[in-house]
Structure formats: structure tokens, C-alpha cells
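**Q** Starting from these lines, generate the structure:
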Amino acid sequence: MEQLAKANQKAYSNPIYLGIWLAVSLAMVEYMRWWPDPIRGVWRFLQPIPAFASCAVPLMFFVDWFNRTYFEAEVTNVLSRTDLLEPHKFYSQDPASSLWVVEHKRLLIGVIAIDASADAAITNLPTTIDIAASLKEENENPSSKAKSTKKKAPLPSQGSSTAIIRHFFMDESYRMAAVQDDLLAQALSQAFSAKRSTKLTHIKAIHSEFEKYVGTALRKAGFRVASEKPETLGFFRWRRYALELERENWVGWKAAEDVKST
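**A** So this is what the prediction gives:
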């Protein structure tokens with residue numbers, strides 16, 4: 001829950017949070033009559049401190065509880081998506097799709113997954129919860145089940161002009177070494193250079209403001225902001241950015257990287 005910790009830290013410095021904390025603390029000082037009184041000695045200037053400390057704890061707890069609800073729902077949604085039921089099969093549907101993992105001393109430290117199948121147009125894949133609800137509805141409604149059995153078998157993926165990076169993570173201990181840059185470069189090279197991937201022209205990626213290393217790696221590789229106004233989430237309006245890489249930009253970036261390496 002790395003993003004939750006960063007969200008909490010950012011919330012604690014938010015002007016709204018600081019204003020509420022200050023107002024509640026001053027109200028407690030007034031109620032307890034803990035205002036400094038120089039006539040009674042210097043120690044009276046320290047008397048309001050317990051009010052500020054005791055009011056900060058429940059407010060911090062509330063912020064963590066409020067943010068945790070959102071981030072836990074996001075984690076549950078990502079882990080229950082259909083692409084993670086059988087990832088080796090899902091990311092083998094199209095030659096431009098790929099799933100790469102980085103291991104160091106038998107430890108998994110990074111992963112990236114690019115989906116270039118026909119499902120790439122769907123930003124949020126259906127989850128196992130959605131599938132279970134659909135099956136329950138079919139069992140309760142035999143007529144819809146009969147209709148579903150008449151459907152034709154799905155055709156093999158014909159690929160898409162747009163791919164999407166569904167997963168991109170690097171362990172915090174290895175980010176300073178920019179291992180994520182090499183991982184991203186390998187995945188992009190596979191996507192654009194794969195056989196029968198000439199149809200692929202764009203690769204999309206979405207990252208939040210709490211994944212700065214992801215945003216830095218994407219921009220280094222030539223990704224540009226796809227929407228001028230980022231999506232905002234939650235009470236504190238956390239920003240989520242949509243980036244896009246065109247094949248022409250990737251070709252230019254790769255040529256520049258090849259020149260640097262020679």
C-alpha cells in the first residue's frame with residue numbers, strides 16, 4: 001500500500017486538513033482554558049501543546065480510514081481483473097502483447113504488462129466479481145442463458161491499433177538505478193517490433209501522482225499527455241494522468257538511444 005502512505009502524507013500537508021486541525025485544537029484550548037498566561041510562569045506557554053497533539057491523532061486516523069477505503073477498492077479491482085486469471089494466456093493473444101518480470105536473486109522486483117489485443121480499448125477490464133454476477137444472472141434467468149449459448153465462439157484476437165500498459169511496477173529499492181527504464185524499453189521494443197504488429201500505432205498508459213517514477217520513465221520514453229485535464233479522484237482530488245506514445249515518437253526515441261549507446 002505504498003500509494004496509500006503517500007496519499008496520507010500529502011493529505012497531512014493539505015491546507016484543508018491543517019485548517020481543520022488548527023480550528024479543532026484551538027477550540028479545545030478555549031474549552032480547557034489552556035491559553036498561555038505569562039503571569040503564572042513560562043511553563044504555561046507549553047500548556048496548549050497537548051491539545052494540538054491529542055486532536056491530531058484522531059484526524060490522522062480519519063484521513064487514513066478515508067483514503068484506505070479508496071485504495072483498497074482499487075487494489076481489489078486490479079487484482080481481480082480477468083487478465084490476471086491466466087496472465088500467460090491473456091498476454092499471448094497478440095504478438096505485440098507481452099508480460100515481463102524482473103528478478104534479482106530469485107526475488108521479483110518489477111513487472112510490466114502491455115495489452116495489444118482487441119481488449120486494449122477497454123481501460124477497466126471486467127473483474128471476477130462481474131463474471132460471477134453475470135453467471136448468477138444467467139442461472140436465475142434461463143432465457144438469457146439460452147441466448148448466450150447460441151453465441152458464436154470468440155475469434156482469435158486480430159490486434160488493435162492502440163495498446164495499453166495495464167501493469168507497471170518496480171520495487172522502491174531499485175528505482176534509483178532506473179531499472180524501470182530498461183524494463184519499459186524492452187516492453188515497448190517487443191510491442192512495436194513484433195511480427196504482425198504493424199497495425200499498432202499508439203500505446204496508452206495511466207498513472208497517478210503517487211507513481212512519479214512511472215511518470216518519469218514514461219516521459220523519458222517519449223510518452224506525452226493525452227488529455228490536458230487530468231482525471232481527479234477522491235475527496236482530495238488526487239490526479240491521474242493519461243499518457244500516449246505514437247510509433248513515430250518511439251522510432252525517434254529508439255534511434256537517439258542507439259546513438260547514445262554507440
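
**Q** in the stretch 51-200 of the chain, which spans are helices?
**A** 87-90, 128-140, 142-149, 179-193 (DSSP state H, counting those that start in this stretch).

**Q** Which elements pack onto the longest one?
**A** Taking 3 or more C-beta pairs under 8 Å, 6 or more residues apart in numbering; DSSP states H and E as the contact definition, the neighbouring helices and strands of helix 179-193 are strand 98-104, strand 107-115, strand 162-170, helix 212-220, helix 247-261. Yep, even glycine has a C-beta here, placed from its N, CA and C like the rest.

**Q** surely Ser161 meets Glu246?
**A** No - at 10.9 Å, Ser161 does not count as touching Glu246 under the criterion of C-beta atoms under 8 Å.

**Q** Mutual contacts of these two, please.
**A** Residues touching both Ser161 and Glu246 (C-beta atoms under 8 Å, 6 or more residues apart in numbering): Thr201, His202.

**Q** Packed most tightly, which of the helices and strands packed on helix 179-193 would that be?
**A** strand 162-170 (a mean of 22; mean count of other C-beta atoms under 10 Å).

**Q** so what secondary structure elements neighbour that strand?
**A** With contacts defined as 3+ C-beta pairs under 8 Å, 6+ apart, the packing partners of strand 162-170 are strand 107-115, helix 179-193, strand 202-208, helix 212-220.

**Q** between those, which one is nearest to Ile20?
**A** Taking C-beta to C-beta as the criterion, strand 202-208 is the member of the helices and strands packed on strand 162-170 that comes nearest to Ile20, at 24.3 Å.

**Q** strand partners of the closest one, parallel vs antiparallel please.
**A** Each strand paired with strand 202-208, and its direction, by DSSP bridges: strand 162-170 (parallel), strand 238-246 (antiparallel).

**Q** Can I get it as CSV, trimmed to CA atoms?
**A** The C-alpha trace of strand 202-208 is given here as CSV (Å, rounded to 0.1, in the frame of the first residue of the first chain):
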residue,chain,number,x,y,z
HIS,A,202,-0.3,4.0,-30.2
ILE,A,203,0.4,2.8,-26.7
LYS,A,204,-1.5,4.3,-23.8
ALA,A,205,-0.6,4.4,-20.1
ILE,A,206,-2.3,5.7,-17.0
HIS,A,207,-0.5,6.6,-13.8
SER,A,208,-1.4,8.5,-10.6
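
**Q** just the angle between that strand and helix 247-261, please?
**A** If you take axes from the mean of the first three to the mean of the last three C-alpha atoms, to 10 degrees, strand 202-208 sits at 80 degrees to helix 247-261.

**Q** as a whole number, average confidence for strand 202-208?
**A** For strand 202-208, mean pLDDT rounds to 90.
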